[in-house]
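In: what follows is a protein structure lacking sequence information:
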DNA sequence: CGGTGCTTTGAACACTCTCAACCGCCGTGG
DNA sequence: CCACGGCGGTTGAGAGTGTTCAAAGCACCG
């Protein structure tokens, strides 16, 4: 099974042209940054293996997790507006990353309409993902947020051919809390509560979803 | 002073080609939808005069305001990912809207590199705006959220040549609350509090910022 | 083994929500 | 012309959810 980083939905004849752009995989060790907020924006990335978190660093030092990227997902679009990355991207585990030079990609998009569409959809997709996270942060209770997060990760795992029900979630409780707008203690308490109710089975970072419908019912 | 809907930063020689695409202004009355969540996505829009709110409608009927668009700002990108609008856009006052057929715009972007850049920046911009709203929802107190919102609107007014300090904010308290992830009562209380502390002077929908630094200091 | 970092759990507190009453404005209709 | 009803906004009191602070447990790694 080949590692197709980005070209889902691209017609077969155009794939080689995209692949020609991809610079060899870059490795990032757990805790290292692929790029930092303020870095110049030159490349888009796709996670080949592993996972990363993206975050904004506030002026007063506070930081907020803005997203989680799993294997197969795209990364780096936070730099398009200003040529400077708005986020930092930090590996949650040792990971390997495909690099796509943005300038070359732009040129390709001008020639190949399907490629242009693909890029637009990618941008739009991330836009929509953020919108749904705004919904989570704006109108769900803490318990609902945690449930929504678990279901989201579960679904994204599924989309990439892995298990619906069991996955490694390499974020710390603090990262999850930051992403969900609650404290790490609340995250921990809620996971324990879910466990007691037989909704999930969490052994540290390994999460098994026992009752997916129960979670969906909030 | 001409009404330039979108082409800020576009070289002079390319502007006519963009303008050729713009379909005449469409009028939307207060309370009417420019488009609804689920509608087919065909056009991008730019607010010529007036203002609109964008919102997501949850399956259980709950709705959340996702954004405010003032005169001069772009609208409609929530449909790019899926060809169907994710948001609804509703006029907060009688407004007039420029329409840009997306298909034609895409074609133009293939020919004109600066236009492609411009569209990407537009997308990236909205992405970043949402990210900063996630920050607001995820880590600010209610008071900080309201202050951040007022400052944001103030700045966006300024960017378009209007007053820093005084503007009509046509959202209801409920809309503001929904956008900020708090209740309308909390919004109202906090505005009153700001008024008592001589930070703002709010007469219904007309907001005057008295002490902008005081607001920035939270 | 002993440390360090992450997680869990508890208890008190604070902030925001909920529910409710009241006010002022505006358009409608008697 | 005034009364009425509806809508949006303000304000209060009490309730509830999530936070804060603190302590203890656990796991990984030198």
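Out: Yes, it's here. The structure presented is a predicted model; accordingly, all values stated were derived computationally and were not measured.
In: who's residue A:168 bridged to?
Out: Counting by DSSP bridges, residue A:168 forms beta bridges with residue A:206.
In: so who does it touch?
Out: Residues in contact with residue A:168 (C-beta atoms under 8 Å, 6 or more residues apart in numbering or on different chains) are A:205, A:206, A:207. Yep, even glycine has a C-beta here, placed from its N, CA and C like the rest.
In: tell me how far the second one lies from DNA strand D.
Out: This means residue A:206. From residue A:206 across to DNA strand D, the span is 10 Å (C-beta to the nearest atom of the strand, to the nearest Å).
In: thought that residue was touching residue A:166?
Out: Yes. With contact defined as C-beta atoms under 8 Å, residue A:206 reaches residue A:166; the gap is 7.2 Å.
In: how much space between the spatially most central residue of chain A and residue A:195?
Out: Here the mean C-alpha position of chain A is nearest to the C-alpha of residue A:69 (C-alpha atoms, centre = their mean), at a distance of 2.1 Å. As judged by C-beta to C-beta, to the nearest Å, residue A:69 and residue A:195 stand 27 Å apart.
In: thinking again about what came up before, please pick the buried ones from the contacts of residue A:168.
Out: Among those, those classed as buried by 16 or more other C-beta atoms under 10 Å in any protein chain shown are residue A:207.
In: considering only the contacts of residue A:168, which also neighbour DNA strand C?
Out: residue A:205 (C-beta under 7 Å from any atom of the strand).
In: ok, of the contacts of residue A:168, which one's closest to residue B:44?
Out: Taking C-beta to C-beta as the measure, residue A:207 is the one of those closest to residue B:44, at 40.1 Å.
In: excluding its backbone neighbours, what's nearest that closest one?
Out: Leaving aside its chain neighbours, residue A:207 sits nearest to residue A:169 (5.1 Å; criterion: C-beta to C-beta, 6 or more residues apart in numbering or on different chains).
In: which phi and psi does that neighbour have?
Out: Here is the backbone geometry of residue A:169 (degrees, to the nearest 10): phi -110, psi 100.
In: what is the neighbour count of it?
Out: With neighbours defined by other C-beta atoms under 10 Å in any protein chain shown, the count for residue A:169 comes to 20.
In: look at it and report its pLDDT.
Out: Residue A:169 is assigned a pLDDT of 94 by the prediction.
In: same deal with residue A:61?
Out: The per-residue pLDDT reported for residue A:61 equals 75.
In: and it, how far from DNA strand D?
Out: Counting by C-beta to the nearest atom of the strand - residue A:61 and DNA strand D are separated by 15 Å.
In: so residue A:24 lies in a helix, does it not?
Out: No. Counting by DSSP: H, G, I helix; E, B strand; the rest coil, residue A:24 falls outside a helix, being strand.
In: skipping adjacent residues, who's closest to it in space?
Out: Residue nearest to residue A:24 in three dimensions, not counting chain neighbours: residue A:99, with 7.7 Å by C-beta to C-beta, 6+ apart.
In: so in that sheet, which strands flank the helix or strand hosting that neighbour, and in what orientation?
Out: According to DSSP states H and E, residue A:99 maps onto strand A:95-101. If you go by DSSP bridges, strand A:95-101 pairs up with strand A:23-28 (antiparallel), strand A:43-49 (antiparallel).
In: before we move on, the earlier item: and the helix or strand harbouring the residue nearest to the centre of chain A, what does it pack onto?
Out: Element membership of residue A:69 [criterion: DSSP H and E] is strand A:63-70. Under the contact definition 3 or more C-beta pairs under 8 Å, 6 or more residues apart in numbering or on different chains; DSSP states H and E, strand A:63-70 sits against strand A:51-57, helix A:113-139, helix A:142-159, helix A:173-180, helix B:113-139.
In: give me that answer again for 6 Å
Out: Applying 3 or more C-beta pairs under 6 Å, 6 or more residues apart in numbering or on different chains; DSSP states H and E, one finds that strand A:63-70 contacts strand A:51-57, helix A:173-180, helix B:113-139.
In: make TSV from these and add mean pLDDT and mean neighbour count to it.
Out: Converted to TSV, the helices and strands packed on strand A:63-70 look like this (pLDDT from 0 to 100; neighbours: other C-beta atoms under 10 Å in any protein chain shown):
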stretch	mean pLDDT	mean neighbour count
strand A:51-57	95	22
helix A:173-180	98	21
helix B:113-139	94	20
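In: one step back: quick one: the strand holding residue A:99 to strand A:63-70, angle?
Out: Here strand A:95-101 runs at an angle of 90 degrees relative to strand A:63-70 (axes from the mean of the first three to the mean of the last three C-alpha atoms, to 10 degrees).
In: helix A:113-139 and strand A:95-101, what's the angle between them?
Out: Put simply, strand A:95-101 runs at 130 degrees to helix A:113-139, going by the same axes, to 10 degrees.
In: can you give me how far strand A:95-101 is from the chain middle?
Out: 14 Å (C-alpha atoms, centre = their mean, to the nearest Å).
In: and the next helix or strand past it?
Out: Along the chain past strand A:95-101, the next helix or strand (assigned with DSSP H and E) turns out to be helix A:102-111.
In: could you pull out the buried residues of that next one?
Out: By neighbour count with 16+ other C-beta under 10 Å, helix A:102-111 contains the buried residues A:102, A:105, A:106, A:108, A:109, A:110.
In: stretch A:138-156 too?
Out: By neighbour count on 16+ other C-beta under 10 Å, the buried set for stretch A:138-156 is A:138-140, A:142-143, A:145-150, A:153-154, A:156.
In: closest to DNA strand D among the residues you listed?
Out: Ranked by distance to DNA strand D (C-beta to the nearest atom of the strand), the buried residues of stretch A:138-156 are led by residue A:142 at 3.3 Å.
In: can you list the residues of chain A near DNA strand D?
Out: Within chain A, the residues that sit near DNA strand D (C-beta under 7 Å from any atom of the strand) are A:141, A:142, A:143, A:181, A:182, A:183, A:185, A:186, A:189, A:204.
In: what sits against the fourth one?
Out: Contact partners of residue A:181, counting by C-beta atoms under 6 Å, 6 or more residues apart in numbering or on different chains, are A:137, B:138.
In: can we see that at 10 Å?
Out: A:64-65, A:133, A:136-138, A:140, A:142, A:145, B:134-140, B:181 (C-beta atoms under 10 Å, 6 or more residues apart in numbering or on different chains).
In: re earlier: can you put the buried residues of stretch A:138-156 in a markdown table and add distance to residue A:58?
Out: Below are these laid out as a markdown table (distance: C-beta to C-beta, whole Å):
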| residue | distance to residue A:58 |
| --- | --- |
| A:138 | 19 |
| A:139 | 23 |
| A:140 | 23 |
| A:142 | 22 |
| A:143 | 27 |
| A:145 | 21 |
| A:146 | 23 |
| A:147 | 27 |
| A:148 | 24 |
| A:149 | 22 |
| A:150 | 27 |
| A:153 | 25 |
| A:154 | 30 |
| A:156 | 27 |
